[in-house]
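K.L.:
Return a 3D structure for these sequence lines:
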Amino acid sequence: MMISTKGRYALRFLVDVAEHQGDGFVRLKDVSMRQGISEKYLEIVVKEMVKGGLLTAVRGKGGGYRLNRPPKEYGVKSILERMEGPLAPVACLEPGRESCPRSKECRTLPLWQGLDQVISDYLAQFTLADLCGKGNAESENT
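P.N.:
Residues are numbered from 1 along each chain as shown. I've put the predicted structure just below:
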């Protein structure tokens, strides 16, 4: 499993917005400059996050982006799944897939199931607030 630039940039964008939205909506241009990411590429990433309900977008003067919920309510695992799709290390473990006809005799399946569980458990323990380095008290207000 490899996280694409789309997933990595989504996390960086959300962290930046969480850290700067105290003054209102955060402009894409400002995040682009702070993060060193192309505005054009960020537009693609942000569109997906707005569509997925992670962000609110407002056009025009004073517009930009805001989180829809406090940072502590954004799980890193769910953000990455939104941007990347299933995070399973092998196709046969992707949600909704038909069971592999070889699963009963597959000697490697337990290895992949264990890796899938480790990845899931690891990512599930982090929130956007953790990435921002904010404690619960401060992140509740943003």
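
K.L.:
just so I have it, where are all the strands in the protein?
P.N.:
55-58, 64-67 (DSSP state E).

K.L.:
Please identify the most buried of those.
P.N.:
strand 64-67 (a mean of 20; mean count of other CB atoms under 10 Å). Using the backbone N, CA and C atoms, a C-beta is placed for each residue, glycine as well.

K.L.:
Could you tell me the per-residue confidence at the residue of the chain positioned farthest from its centre?
P.N.:
When distances are taken from the C-alpha mean of the chain, residue 105 lies farthest, 35.4 Å away, according to CA atoms, centre = their mean. On pLDDT, residue 105 comes in at 93.

K.L.:
re earlier: so which of the strands of the chain comes closest to residue 99?
P.N.:
Among these, strand 55-58 comes nearest to residue 99, with 36.5 Å by CB to CB.

K.L.:
Quick check: neighbours of the closest one in the sheet, parallel or antiparallel?
P.N.:
The strands that strand 55-58 pairs with in its sheet are strand 64-67 (antiparallel) (by DSSP bridges).

K.L.:
Quick one: mean pLDDT for the partner strand?
P.N.:
Confidence for strand 64-67, expressed as mean pLDDT, is 96.

K.L.:
Ok, stretch 83-97 next?
P.N.:
Stretch 83-97 carries an average pLDDT of 92.

K.L.:
That one: which residues count as buried?
P.N.:
Residues of stretch 83-97 classed as buried: 83-84, 87-90, 92-93 (neighbour count, 16 or more other CB atoms under 10 Å).

K.L.:
Contacts only, for the most centrally placed residue in the chain.
P.N.:
Per CA atoms, centre = their mean, the C-alpha nearest to the average position across the chain is that of residue 79, at 2.5 Å. Residue 79 is in contact with 7, 10-11, 14, 54, 128, counting by CB atoms under 8 Å, 6 or more residues apart in numbering.
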